[in-house]
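Chemist: Could you work out the structure for the sequence below:
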Amino acid sequence: MIGYDSCSIAYSCQPIMMYSAVETNWRRTDDGWRLLPGVFVGTESLSRARGTSSPSKTSKTETNNIVRLVRIAGAHRPHDGTSQERCDSITPLRLPHMTGIKGYGTDRRISCGLSTSIEQLEIADVALELSGTRYCCEIFRILMKEKIGKISGTTLRHIFRILEGMVSEALHIEMNIKLIARLLTTSADALERGPASLVGSSSLWKRHRNIVSNLTMQVENFQYTQREDDQLPQLLDIPKECLHYILKCLSDPRDLINAGATCTYLNDLVTDSFIWQSMCLFHFTDKQLYPHICDDEYMGIDWFKAFQLCYKKNKRLREFYGNELYFCNLCRDIFWKHLGHPCHNPENIPSSSPLLPREFIDMLRL
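Modeler: I've put the predicted structure just below:
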């Protein structure tokens, strides 16, 4: 437990920061953060943080505004090269999740609307994170392409504000540029259908088109910053074995092709049969691969050709995201894979399943 004397606490600050045994009593699993059985964090700890003697004096509003904190050891280290730690960093524990899911299987439905779902799941923040950009882009792409006529004007303004932040972040870190450009193209095509097929005034849709047009112009005018000669290692300085392992971890075949188009050295690496074997085994099942391989021992197979034949026949690849929404089968909450959620049944074995962007949108009753 974090001691009260280790850090100075401003008792007048809101919301009140309650120092509980988060570091020792919470455990992060593959399905999220779970509280160990028998642990109760109530108003007693809150009254101690406020300096009061009776927990009954704590108001209901103050209790609901509690922010659990976790300690990251060694977050602040001296800059003199020593290993001595100055103090531990206290960081808020983000657990955005959504409750109230009704129905089962394909009939699962979210009781609230799209705007509320975006706020509860903090999609605006996750979309700016490198691991969550692709998933959020796919959500907005489906909304723009198929559901734009059913989205209210207020929610659309919220989405376009998020889109502006995503473009600004992508241009700043110089990543996901093509992904954002494809989303803007889809948005422009959806808005070009005109006010006749959409709900709202013509001036409103003209304003939306101007926003997308300005963002598209920013992306089109973007130029990657040329790296200066800083004498630091570059990608091609990495040993060949390490580069081979990195390329083998890629899940999108377009990334492999783009990497091979940069230079002959990487082109020789991406044509390795073991890399395309991993790509085939990741995207296709044994049943899909069987007609295109002639050896059960996987020896002497042209895996690149096998991948082309499987893709030509199935016309679909497995979707993979760094961070994505999950559905808890125990408490029926929706949460982010990397952030977890406070499960209401921590004594049971964790059980959850991923939600594809289209599955999440289908739950919204749009």
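Chemist: show me where the stretch 101-250 of the chain has strands.
Modeler: Applying DSSP state E, counting those that start in this stretch to the stretch 101-250 of the chain gives strands spanning 101-102, 109-110.
Chemist: Just send the ones you listed back as JSON lines, with mean pLDDT too.
Modeler: Shown next, in JSON lines, are the strands of the stretch 101-250 of the chain (pLDDT from 0 to 100):
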{"stretch": "strand 101-102", "mean pLDDT": "90"}
{"stretch": "strand 109-110", "mean pLDDT": "92"}
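Chemist: how about those in a markdown table, adding distance to E319 and mean neighbour count?
Modeler: Where C-beta positions appear, they are placed from N, C-alpha and C, glycine not excepted. Below are the strands of the stretch 101-250 of the chain laid out as a markdown table (distance: least, C-beta to C-beta, whole Å; neighbours: other C-beta atoms under 10 Å):
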| stretch | distance to E319 | mean neighbour count |
| --- | --- | --- |
| strand 101-102 | 21 | 14 |
| strand 109-110 | 21 | 17 |
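Chemist: Kindly reformat the ones you listed as a markdown table containing distance to L256.
Modeler: Rendered in a markdown table, the data for these read as follows (distance: least, C-beta to C-beta, whole Å):
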| stretch | distance to L256 |
| --- | --- |
| strand 101-102 | 38 |
| strand 109-110 | 37 |
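Chemist: now S351: how far from C328?
Modeler: Going from S351 to C328 by C-beta to C-beta, to the nearest Å gives 7 Å.
Chemist: Neighbour count: these two, which is higher?
Modeler: A direct count of neighbours by other C-beta atoms under 10 Å for S351 and C328 places C328 higher, at 23 against 12.
Chemist: Kindly state the beta-bridge partners for the more buried one.
Modeler: For C328, the residues forming beta bridges with it (DSSP bridges) are S352.
Chemist: which regions of the stretch 1-150 of the chain sit below the pLDDT cut-off?
Modeler: Filtered on pLDDT under 70, the stretch 1-150 of the chain yields the residue ranges 1-94.
Chemist: residues contacting the closest residue to L355 other than its chain neighbours?
Modeler: With sequence-adjacent residues excluded and distances taken as C-beta to C-beta, 6 or more residues apart in numbering, L355 is closest to L325, at 4.4 Å. Shown here is L325, whose contacts under the criterion C-beta atoms under 8 Å, 6 or more residues apart in numbering are L121, Y135, I334, F335, W336, K337, P354, L355, F360.
Chemist: got it, and G165?
Modeler: If a contact means C-beta under 8 Å, 6+ apart, then G165 has A124, A127, L128 as its contacts.
Chemist: Please report which of those has the highest neighbour count.
Modeler: Neighbour counts for those were taken using other C-beta under 10 Å; the highest belongs to A127, with 21 neighbours.
Chemist: Could you check how far that one is from V167?
Modeler: As it turns out, when the distance is counted by C-beta to C-beta, A127 lies 11 Å from V167.
Chemist: Helices of the stretch 51-200 of the chain, start to end?
Modeler: Secondary structure of the stretch 51-200 of the chain (DSSP state H, counting those that start in this stretch): helices at 60-64, 114-120, 123-126, 133-146, 153-173, 177-191.
Chemist: Which strands and helices lie in contact with the shortest one?
Modeler: Pointing back at helix 123-126 there. Helix 123-126 makes packing contacts with helix 133-146, helix 153-173 when contacts are defined by 3 or more C-beta pairs under 8 Å, 6 or more residues apart in numbering; DSSP states H and E.
Chemist: Most tightly packed of these?
Modeler: Ranked by average neighbour count under the criterion mean count of other C-beta atoms under 10 Å, the helices and strands packed on helix 123-126 are headed by helix 133-146 at a mean of 20.
Chemist: now the stretch 251-366 of the chain, which segments are flagged as low pLDDT?
Modeler: Counting by pLDDT under 70, the stretch 251-366 of the chain shows low-confidence ranges at 294-299.
Chemist: related to what we said a few turns ago, same list, the contacts of G165, but as TSV with distance to C343 please.
Modeler: Compiled in TSV, the contacts of G165 are given as follows (distance: C-beta to C-beta, whole Å):
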residue	distance to C343
A124	24
A127	25
L128	26
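Chemist: Do I have it right that Y135 meets F320?
Modeler: No - here Y135 lies out of contact with F320, judged by C-beta atoms under 8 Å, at a distance of 10.0 Å.
Chemist: sorry, back to before: could the helices of the stretch 51-200 of the chain be laid out in a markdown table, adding distance to H344?
Modeler: Converted to a markdown table, the helices of the stretch 51-200 of the chain look like this (distance: least, C-beta to C-beta, whole Å):
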| stretch | distance to H344 |
| --- | --- |
| helix 60-64 | 17 |
| helix 114-120 | 16 |
| helix 123-126 | 23 |
| helix 133-146 | 25 |
| helix 153-173 | 29 |
| helix 177-191 | 35 |
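Chemist: So for S251, which of those sits nearest?
Modeler: Distances from S251 to each of the helices of the stretch 51-200 of the chain were compared by C-beta to C-beta, and the smallest falls on helix 133-146, at 10.7 Å.
Chemist: Can you tell me what sits against that closest one?
Modeler: Residues from elsewhere that reach helix 133-146, judged by C-beta under 8 Å, 6+ apart: 114, 123, 126-127, 151, 159, 162-163, 166, 169-170, 176, 179-180, 182-183, 186-187, 189-190, 319, 321-325, 357-358, 360-361, 366.
Chemist: now the angle between helix 177-191 and it, please.
Modeler: 20 degrees (axes from the mean of the first three to the mean of the last three C-alpha atoms, to 10 degrees).
Chemist: which residues sit in contact with the residue sitting nearest the centre point of the chain?
Modeler: In the chain, the C-alpha closest to the average C-alpha coordinate belongs to G132, at a distance of 2.5 Å (C-alpha atoms, centre = their mean). Residues counted as contacts of G132 (C-beta under 8 Å, 6+ apart) are V126, Y321, G322, N323, E324, W336, H338.
Chemist: Okay then, goodbye and thanks.
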